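*Asks:* Sequence first, predicted coordinates after that:
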Amino acid sequence: MTGHWNGYELRRLRVALITAVVAGVGIAACGQHVGQHVGQHVNVSDKRSALSSDPGRVSAGRAVGRSDFPRSDVRWPSHPSQVALAGASFPSASVGWLLAVPPCGLQAHSCHAVLLLKTVNGGRTWVSAQPPPVRWPDATYAPAILFTSSRDGWALGRGLWRTRDGGSSWQSVRTGGGPVQSLAVARGYVLAAAGRCSQLDAWRCSFQVYTAKAGSASWRPIPGASGARIAPAAVLAQGRTGYVFTTRPDLVKPVLLTGPVDGSAKWRPVPTPCRGASSMALAVAQGGWLFLGCGSEPGAGEQRKIAYISADCGRTWHQVASPPSGGYLGRASMTTDGTIMLSGGRMDVYISRNRGRSWTTSPSLNYAAGLAGAGFTLSATTTSNNFAYAVQTGVFSRQLWITRDAGRHWTPITVR
């Protein structure tokens, strides 16, 4: 990576990292239940069928042996022996999914291979599953996965697919709005921000948010939930309330819209305290809490960041402590008890355990943070008040990090 903010870096950070993840399910102050959300990052299929009897290795469809926890080394029994992670989704502290790419999948003329792994014991062992038929590589529509249980999951990129049997099979889903930029699952509804982006200009995207009842193939556009000539949009949900956000060119005010997830009323703009932002991160949590991070024009690995908190679903905001200047703001994740994790391009995982009044980092992530500073993006996501995971892209060891104490200590997991 260079020291300036070029279009390719901007698109990769927008599509892969501008996401917010909701932790927990419960009644919120705005009369909602907390839902779940995903942004972007996924790949294409290449099923492996060879078996291995080596401890700690994974064979197609079943685990052979197991590795000691907290450190877990997962080895594929056939070529390629190394993989990089393209995405992850943990619906709970025990159940998780990894989307992996072999070295050939990262090259310009790639093998278009992608692998899907599942754990049901918090990363101690992994088994293979049928990967979704997403396209890899794809610089314009970076793929992603979202699992809401051990059986129900989604994959998105240029298309949208769903599995109801834990990845054994995938069915194509059509929203009617083009490639899906982001997906959110609320209680009883699914939201999709769909629209096309230019391959030449990171700011030339359009989006329309669609809604469907869970399990339904009938999607319809939500009035007022659309935009054009902007960066890729990210959608999230909190029970019956949905949000969509993105940034505009020239450091003008970002876009933040909200409304009912069933589309029964027109979505309206939410006033944001950001006067202008080159990048933006939003997270929601139980009780009507919203976190908003605004990043200025970045350069040379640094970016001025300003953070805000709302306790009433965005009606009012107050400024909190500014996160460190290192790195480019991309992702925010917040738990029900107020722990916030920020991540993005070229940056460590910044952690606040008091709703943004102060920020810290974990020494156990120093190794990953050093690689992040060199351009290997580290993305953190909370699943519960104590459990979180971080994925580092482009590396072939210690690709996944897990914490069970709200980010105080992280354990590396190597997937081979």
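*Replies:* Nice, I can see it.
*Asks:* Go through stretch 251-265 and flag the buried ones.
*Replies:* Buried residues in stretch 251-265, counted by 16 or more other Cβ atoms under 10 Å: 253-263. C-beta coordinates here come from the backbone N, C-alpha and C atoms, glycine included.
*Asks:* do the same with stretch 396-410
*Replies:* Buried residues in stretch 396-410, defined by neighbour count with 16+ other Cβ under 10 Å: 396, 398-404, 406-407, 410.
*Asks:* Repeat that for stretch 268-279.
*Replies:* Of the residues in stretch 268-279, those buried by neighbour count under the rule 16+ other Cβ under 10 Å are 270, 272, 274, 277-279.
*Asks:* So which of the buried residues of stretch 251-265 belong to strands?
*Replies:* Applying DSSP state E to the buried residues of stretch 251-265, the entries found in strands are 255-260.
*Asks:* now these in a markdown table, with distance to L146?
*Replies:* Formatted as a markdown table, these follow (distance: Cβ to Cβ, whole Å):
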| residue | distance to L146 |
| --- | --- |
| V255 | 22 |
| L256 | 21 |
| L257 | 21 |
| T258 | 20 |
| G259 | 21 |
| P260 | 21 |
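*Asks:* thinking again about what came up before, how about TSV for the buried residues of stretch 251-265, with pLDDT and distance to G177 added?
*Replies:* Putting the buried residues of stretch 251-265 into TSV (pLDDT from 0 to 100; distance: Cβ to Cβ, whole Å) gives the following:
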residue	pLDDT	distance to G177
K253	91	25
P254	94	21
V255	96	17
L256	97	20
L257	98	16
T258	97	19
G259	96	17
P260	96	19
V261	95	16
D262	96	17
G263	96	13
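*Asks:* Find the pair from those with maximum spatial separation.
*Replies:* Within the buried residues of stretch 251-265, K253 and D262 form the most distant pair, 27.7 Å apart (Cβ to Cβ).
*Asks:* ok, so of the ones in strands among the buried residues of stretch 251-265, who is nearest Q171?
*Replies:* Taking Cβ to Cβ as the measure, Q171 lies nearest P260 of those, at 26.8 Å.
*Asks:* hmm, back to that, now, which of the buried residues of stretch 396-410 sits nearest Y367?
*Replies:* Checking those against Y367 by Cβ to Cβ gives R398 as the nearest, at 6.7 Å.
*Asks:* Low-confidence stretches in the stretch 51-200 of the chain?
*Replies:* Applying pLDDT under 70 to the stretch 51-200 of the chain flags the ranges 51-81, 104-113, 137, 139.
*Asks:* Which residue is the nearest non-sequential neighbour of L115?
*Replies:* Of all residues not flanking L115 in the chain, A100 sits nearest, at 4.3 Å (Cβ to Cβ, 6 or more residues apart in numbering).
*Asks:* Return the residues in contact with that neighbour.
*Replies:* 43, 83-86, 114-117, 415 (Cβ atoms under 8 Å, 6 or more residues apart in numbering).
*Asks:* can you check V320 too?
*Replies:* Residues in contact with V320 (Cβ under 8 Å, 6+ apart) are 307-309, 352, 355-357.
*Asks:* If you rank those residues by neighbours, which is first?
*Replies:* Comparing the contacts of V320 by number of neighbours (other Cβ atoms under 10 Å), A307 comes first, having 25 neighbours.
*Asks:* Look at it and give its secondary structure.
*Replies:* Of the three states, A307 takes strand under DSSP: H, G, I helix; E, B strand; the rest coil.
*Asks:* Let me know the pLDDT of it.
*Replies:* On pLDDT, A307 comes in at 98.
*Asks:* Distance-wise, check it relative to P269.
*Replies:* As for A307, its distance to P269 is 20 Å (criterion: Cβ to Cβ, to the nearest Å).
*Asks:* And T382, by the same measure?
*Replies:* Distance from T382 to P269, counting by Cβ to Cβ: 27 Å.
*Asks:* got it, and L257?
*Replies:* L257 is 6 Å from P269, where distance means Cβ to Cβ.
*Asks:* swap in M280?
*Replies:* For M280, the distance to P269 equals 14 Å [Cβ to Cβ].
*Asks:* which of the residues in stretch 151-169 are buried?
*Replies:* Result for stretch 151-169 [16+ other Cβ under 10 Å]: buried residues 152-157, 159-163, 166-167.
*Asks:* Then stretch 317-327?
*Replies:* 317, 320, 323-324, 326-327.
*Asks:* Same check on stretch 208-224?
*Replies:* Across stretch 208-224, burial judged by 16+ other Cβ under 10 Å covers 208-212, 219, 221-222.
*Asks:* Mind picking the two most distant members of the buried residues of stretch 396-410?
*Replies:* Checking those with Cβ to Cβ, the most distant pair is F396 and A406, at 28.2 Å.
*Asks:* Quick check: mean pLDDT of stretch 387-407?
*Replies:* On average, stretch 387-407 scores 95.
*Asks:* my bad, stretch 267-281
*Replies:* Stretch 267-281 shows a mean pLDDT of 94.
*Asks:* Where does pLDDT dip in the stretch 201-350 of the chain?
*Replies:* Scanning the stretch 201-350 of the chain for pLDDT under 70 picks out no residues.
*Asks:* Which parts of it are strands?
*Replies:* If DSSP state E, counting those that start in this stretch is used as the criterion, the strands of the stretch 201-350 of the chain fall at 205-213, 220-230, 234-238, 241-246, 255-260, 268-269, 279-285, 289-295, 305-310, 318-319, 328-334, 340-345, 350-352.
*Asks:* Find out how far the very next helix or strand once past the last one is from the centre of the chain, if you would.
*Replies:* The reference is to strand 350-352. Following strand 350-352 in sequence order, the next helix or strand is helix 366-373 (DSSP states H and E). On the basis of Cα atoms, centre = their mean, to the nearest Å, helix 366-373 sits 19 Å off its chain's mean C-alpha point.
*Asks:* Report the angle between helix 366-373 and strand 340-345.
*Replies:* Using axes from the mean of the first three to the mean of the last three Cα atoms, to 10 degrees, the direction of helix 366-373 lies 50 degrees away from that of strand 340-345.
*Asks:* residues of helix 366-373 that come out buried?
*Replies:* Across helix 366-373, burial judged by 16+ other Cβ under 10 Å covers 368-369, 371-373.
*Asks:* Could you export these to JSON lines, including columns for distance to M334 and pLDDT?
*Replies:* JSON lines is the format used below for the buried residues of helix 366-373 (distance: Cβ to Cβ, whole Å; pLDDT from 0 to 100):
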{"residue": "A368", "distance to M334": "21", "pLDDT": "97"}
{"residue": "A369", "distance to M334": "21", "pLDDT": "97"}
{"residue": "L371", "distance to M334": "25", "pLDDT": "97"}
{"residue": "A372", "distance to M334": "21", "pLDDT": "97"}
{"residue": "G373", "distance to M334": "24", "pLDDT": "95"}
